[in-house]
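Visitor: Need a 3D model of the following:
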Amino acid sequence: MVRASTDRDLDLVASFVNTRDVESGADDLSSPEALRGWLVGHELLPADHPVTEADLSRALALRDGVRGIAERNNPGAEVPRDEDPVATLNRLAADARMVLEFDTGGGAHLTSSDEGVDGSLGRILGAVFVSMADGRWERFKACARHSCRWVYYDRSRNRSRTWCSMDVCGNREKARAFRERRKAGR
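Guide: Next up is the predicted model:
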């Protein structure tokens, strides 16, 4: 039995991936200190733990890798990749020394044997794994609007949500498509 993912697990993953706003270019993880602040704020790392440029590089790779596999859950999101997100996530899972632990209650969970930044990143990877194992991952998507790519959990009944927000990205894309059809019709 795999421990079921919770909204909190997927909220953590979304919060981590959305530290980069693709559209505006804003990045909440712009330095090792910013990464430490984020990890400490989400209770993933002790406040006094050092964070290096190499740690930041791995965190940014994790963020891009998770966004990459979330984009695969949304058929409308076609984004060319320089690197295979699956290979990146496999490499980062090895860095985090992910291990399967069984408990006396008949359950199991994936955890990291590392206490540092790699262990913190492993907790995020573990949340992704558990949501894949319990079937919730397919609802974790990236906005189909190429300039947005914000990740979200699709809570629609038929799992057909395409944009992070119909009010913003959905309306912009529908208006753009309308203008293109109209222009082509002339």
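
Visitor: which residue packs closest to Ala127, ignoring adjacent ones?
Guide: In this structure, Ala127 finds its nearest non-sequential neighbour in Asp9, 4.0 Å apart by CB to CB, 6 or more residues apart in numbering. Just so you know, the C-beta spots here come from the backbone N, C-alpha and C atoms, and that holds for glycine as well.

Visitor: was I right about Gly65 contacting Leu92?
Guide: Yes. At 6.8 Å, Gly65 counts as touching Leu92 under the criterion of CB atoms under 8 Å.

Visitor: more neighbours, those two?
Guide: The neighbour count for Gly65 versus Leu92, taken as other CB atoms under 10 Å, is higher for Gly65 (25 against 21).

Visitor: The more buried one should be in a helix, yeah?
Guide: Yes. The assignment for Gly65 is a helix, going by DSSP: H, G, I helix; E, B strand; the rest coil.

Visitor: residues touching it, list them.
Guide: Residues in contact with Gly65 (CB atoms under 8 Å, 6 or more residues apart in numbering) are 85-86, 88-89, 92.

Visitor: Report the buried members of the residues you listed.
Guide: In those, burial by neighbour count holds for 85, 88-89, 92, counting by 16 or more other CB atoms under 10 Å.

Visitor: State the pair within those residues that is farthest apart.
Guide: Greatest spacing in those, by CB to CB: Pro85 and Leu92 (10.3 Å).

Visitor: So which residues of the protein form helices?
Guide: 7-17, 32-41, 53-71, 85-95, 117-133, 171-185 (DSSP state H).

Visitor: For these, please prepare TSV with the additional fields mean pLDDT and distance to Cys148.
Guide: Shown next, in TSV, are these (pLDDT from 0 to 100; distance: least, CB to CB, whole Å):
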stretch	mean pLDDT	distance to Cys148
helix 7-17	91	12
helix 32-41	98	21
helix 53-71	95	11
helix 85-95	92	18
helix 117-133	93	21
helix 171-185	72	9
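
Visitor: Please consider this matter closed, and thank you.
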